[in-house]
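> Provide a 3D model corresponding to the input given below.
(one chain, ligands or ions: 1)
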Amino acid sequence: MSEPILVVDRLSGRIAGQQVVEDVSFEVPASGVTALLGRNGVGKTSTIKSILGLIERTGEVRLAGTRVDRLPTHRIVQRGVGYVPEDREVFGALTVGENLRLAERDDRPRRELVDRLFPDLVERRAQRAGTLSGGQQQMVSLARALVNENRLLLVDEPTKGLAPRIVDEVAAALAEAARTVPILLVEQNLHVIRALAERVVVLSGGRVVFTGAASDLLDDEDRIQRYLGVHDAAEGQNASEGESR
Ligand SMILES: Nc1ncnc2c1ncn2[C@@H]1O[C@H](COP(=O)(O)OP(=O)(O)OP(=O)(O)O)[C@@H](O)[C@H]1O
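Numbers count the residues shown, from 1 in each chain. The predicted structure is shown next:
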């Protein structure tokens with residue numbers, strides 16, 4: 001197997017003096033989707049922010065074999081790490097086209113790929129992003145990351161709060177995107193995890209409690225219940241159900 005694109009080794013992260021990521025170690029293979037899972041509040045977003053240097057962290061992070069844990073965030077991003085944060089931030093007063101152009105990092109934007117993945121956005125180029133539906137805004141947010149050639153994408157809960165049909169559209173776009181770039185995906189929807197992820201990393205209380213093939217988790221009701229807090233692996237069920245935020 002080829003070298004992992006990302007190696008996280010004994011990573012810890014703190015927010016306002018509180019340890020929210022504790023001694024986390026895992027690898028992200030150089031292709032496909034790796035899902036970062038766990039109940040609400042276990043530290044998934046904080047793990048991604050620690051990788052990016054957005055919060056105070058210790059431990060090692062290697063991107064394609066090179067340590068990046070001492071680098072400031074902008075240098076990690078420049079090395080080809082794309083981030084799609086949880087709240088699908090778009091510039092609401094700007095058009096879809098303007099949002100995309102602002103995201104372009106160099107003179108080789110992958111506009112054809114983005115147009116192919118998100119045909120809906122092609123028709124809406126001149127529409128103000130603030131007037132789009134939640135699903136369309138999520139697509140703008142993903143498109144802003146995909147327009148650049150990245151080595152790794154970190155995507156945080158892209159289907160959260162979306163209608164089932166839109167969830168399927170976003171999942172299909174992610175599956176297509178994963179053919180061009182490896183993705184570390186935080187996701188609560190078991191249906192989406194099943195459809196996309198080859199590998200899973202499960203956190204609990206800021207620590208890794210399970211890593212392995214996605215099927216080793218998803219075919220095991222007991223593990224699903226224990227790690228994600230749901231009784232049934234039925235399609236479309238949300239892994240956060242029953243948990244308080
Ligand atoms: N800005 C912050 N200030 C203080 N505590 C924070 C902050 N952000 C996160 N935390 C705490 O850090 C812990 C981990 O939060 P994090 O958002 O990383 O979890 P998560 O697994 O991504 O959760 P969710 O599924 O709800 O998005 C939680 O206890 C949370 O309350």
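
> and M139, backbone torsions?
phi -70, psi -40 (degrees, to the nearest 10).

> Identify the residues contacting the residue nearest to it when sequence neighbours are not counted.
Excluding the flanking residues, the one nearest M139 by C-beta to C-beta, 6 or more residues apart in numbering is F118, at 4.7 Å. All C-beta atoms are positioned from the backbone trio N, CA, C, and that covers glycine. Counting by C-beta atoms under 8 Å, 6 or more residues apart in numbering, F118 makes contact with M139, L142, A143, A173.

> Try it again at 7 Å.
M139, A143, A173 (C-beta atoms under 7 Å, 6 or more residues apart in numbering).

> Check the gap between the first one and E89 for me.
Applying C-beta to C-beta, to the nearest Å, the value for M139 to E89 is 13 Å.

> what about the two, which has more around it?
More neighbours surround M139 than the other of M139 and E89, with 28 against 14 (other C-beta atoms under 10 Å).

> Can you verify my assumption that that one contacts L121?
Yes - when contacts are counted by C-beta atoms under 7 Å, M139 is listed as touching L121 (5.8 Å).

> residue contacts, the most centrally placed residue in the chain?
What sits nearest the mean C-alpha location of the chain, by C-alpha atoms, centre = their mean, is V155, with 1.7 Å. Counting by C-beta under 7 Å, 6+ apart, V155 touches V84, I183, L185.

> how about the last one, secondary structure?
At L185 the chain is in strand, as set by DSSP: H, G, I helix; E, B strand; the rest coil.

> where's the closest residue to G43 other than its chain neighbours relative to G38, distance?
Excluding the flanking residues, the one nearest G43 by C-beta to C-beta, 6+ apart is G206, at 4.2 Å. To G38, G206 is 9 Å away according to C-beta to C-beta.

> Out of these two, name the residue with the larger neighbour count.
G38 (27 against 21).

> Buried subset of the contacts of V155, written for PyMOL?
A single PyMOL command is used to select the members of the contacts of V155 judged buried by 16 or more other C-beta atoms under 10 Å:
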select buried, resi 84+183+185
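
> Looking at the contacts of V155, which one is closest to the ligand?
Among the contacts of V155, L185 lies closest to the ligand (C-beta to the nearest ligand atom), at 12.4 Å.

> which element is S2 on?
Following DSSP states H and E, there is no helix or strand that holds S2.

> That one and A30 touch, don't they?
Yes - judged on C-beta under 7 Å, S2 makes contact with A30 at a distance of 4.9 Å.

> related to what we said a few turns ago, quick check: the residue nearest to the centre of the chain vs R226, distance?
V155 is 25 Å from R226, by C-beta to C-beta.

> swap in G13?
To R226, G13 is 24 Å away according to C-beta to C-beta.

> what does A35 give?
Going from A35 to R226 by C-beta to C-beta gives 16 Å.

> picking that back up, so which helix or strand takes in the residue nearest to the centre of the chain?
Applying DSSP H and E, one finds V155 within strand 152-156.

> Which SSE is immediately downstream of that strand?
Under the assignment DSSP H and E, the closest C-terminal helix or strand after strand 152-156 is helix 164-177.

> quick one, that following helix and strand 152-156 angle?
Counting by axes from the mean of the first three to the mean of the last three C-alpha atoms, to 10 degrees, helix 164-177 lies at 170 degrees to strand 152-156.

> other SSEs contacting helix 164-177?
Here helix 164-177 touches helix 111-117, helix 134-146, helix 190-196, going by 3 or more C-beta pairs under 7 Å, 6 or more residues apart in numbering; DSSP states H and E.

> one more time with 6 Å, if that's ok
Where contact means 3 or more C-beta pairs under 6 Å, 6 or more residues apart in numbering; DSSP states H and E, helix 164-177 is packed against helix 134-146, helix 190-196.
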